[in-house]
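# please work out how this folds:
(one chain, ligands or ions: 1)
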Amino acid sequence: MKPKVLIGVSGCIAAYKTAEVVSQLVKADINVRVVMTENACRFVTPLTFAALTQQHVLTSIFPDTLTSSKEVIYPHLYPATEADAFVIVPATANIIAKLAHGMGDDIVSCSALALKPDCKRIFCPAMNAQMWSQQVVGENARKLLKLGWHQIGPEVGRMACGTYGAGRLSAPSAITEVILSSVL
Ligand SMILES: Cc1cc2nc3c(=O)[nH]c(=O)nc-3n(C[C@H](O)[C@H](O)[C@H](O)COP(=O)(O)O)c2cc1C
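Next comes the predicted model:
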C-alpha cells in the first residue's frame, strides 16, 4: 500500500513552494493529501494542490456539505487519522504556537490533534529573521521537538520581505527527501 502523507499548509509567501514538494511526492508514488489554513488560501489556491494530488483539499474543520461520507462530515479527523507522516510546510510562527499548545481551531492544527501515535510529525518553519529569532517562537519550536516533532530548516538566505537572515524555507527537494526517508 502507498504511504500516506498529509501536508499542512499555513499562511506565508513560501506557501507557493509547497506545490513543488507535493508534486515531487506524487511523482514518487506517495498518496498525498493537503490541508490548508484559511490564511494559506490567501497565498496559494486549494485548486493548485487539488490538481497536483487529484484529491479533495480541506480548508475548514466544518463540512462543506452534509453527506453520508465520513470524510466529508469529519474533516478534522479524516484524512489525519490515517496519515503515516504529517508535514507542515511552510510552518508560520502562528501554527507553530498552536501546535505547541495543542490548539485545534483550524484544519491544520486540528489535524495534528488527530494523528496516530506513530505518525511522523515534521514542521518546516518559514518567516522573517526577526520573527524567527523571537524567544517565544524559539520556545514553541523547541517544545515541538520535545514532543517528538522533527524540524527541517529554516535556512539562512534572502527573504521575500527583502531581509537577509535565518528564516527562509528549506529547499523543496530537501524537504521531499526527508519526507520520503521517513515513510519509505
Ligand atoms: C505578505 C505576508 C507575508 C507573511 N509571511 C509570513 C511568514 O513568512 N511567516 C509567518 O510566520 N507569518 C507570515 N505572515 C503572517 C501570517 O500570515 C499570519 O501570522 C497568519 O495569522 C498566519 O495564519 P496561519 O498560521 O493560520 O496560516 C505573513 C503575512 C503577510 C501579509
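# kindly check the end-to-end length of stretch 65-82 for me.
Stretch 65-82 has an end-to-end distance of 22 Å (C-alpha to C-alpha, to the nearest Å).
# in the host helix or strand of V21, what counts as buried?
For V21, the element it lies in under DSSP states H and E is helix 15-27. Residues A15, K17, T18, A19, V21, V22, S23, Q24, L25, V26 are the ones in helix 15-27 that count as buried (16 or more other C-beta atoms under 10 Å). Glycine gets a C-beta too; all of them are placed from N, C-alpha and C.
# name the helix or strand of the protein that has the lowest mean pLDDT.
Across the helices and strands of the chain, mean pLDDT, DSSP states H and E gives its lowest value to helix 70-73, namely a mean of 83.
# starting at the chain centroid, how far to that helix?
Relative to its chain's centre, helix 70-73 lies at 21 Å (C-alpha atoms, centre = their mean, to the nearest Å).
# related to what we said a few turns ago, kindly format the C-alpha coordinates of the helix holding V21 as PDB.
Below are the C-alpha coordinates for helix 15-27, written out as PDB (Å, rounded to 0.1, in the frame of the first residue of the first chain):
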ATOM      1  CA  ALA A  15       3.400  28.500   0.500                       C
ATOM      2  CA  TYR A  16       4.000  28.600  -3.300                       C
ATOM      3  CA  LYS A  17       7.000  26.300  -2.800                       C
ATOM      4  CA  THR A  18       4.800  23.600  -1.200                       C
ATOM      5  CA  ALA A  19       3.400  22.900  -4.600                       C
ATOM      6  CA  GLU A  20       6.800  21.600  -5.700                       C
ATOM      7  CA  VAL A  21       7.100  19.400  -2.600                       C
ATOM      8  CA  VAL A  22       3.600  18.000  -3.300                       C
ATOM      9  CA  SER A  23       4.500  17.400  -7.000                       C
ATOM     10  CA  GLN A  24       7.700  15.600  -6.100                       C
ATOM     11  CA  LEU A  25       5.900  13.300  -3.600                       C
ATOM     12  CA  VAL A  26       3.200  12.500  -6.100                       C
ATOM     13  CA  LYS A  27       5.900  11.600  -8.700                       C
END
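# state the mean pLDDT of it.
The predicted model assigns helix 15-27 a mean pLDDT of 98.
# kindly report the same for stretch 82-101.
Stretch 82-101 comes out at a mean pLDDT of 98.
# what are the buried residues along it?
Those would be 82-100, for stretch 82-101 by 16+ other C-beta under 10 Å.
# helices - which of the residues you listed land there?
Judged by DSSP state H, the subset of these located in helices is A93, N94, I95, I96, A97, K98, L99, A100.
# re the thing from before, can you tell me which of the buried residues of stretch 82-101 are up against the ligand?
Among these, the residues that sit close to the ligand (C-beta under 6 Å from any ligand atom) are T92, A93, N94, I95.
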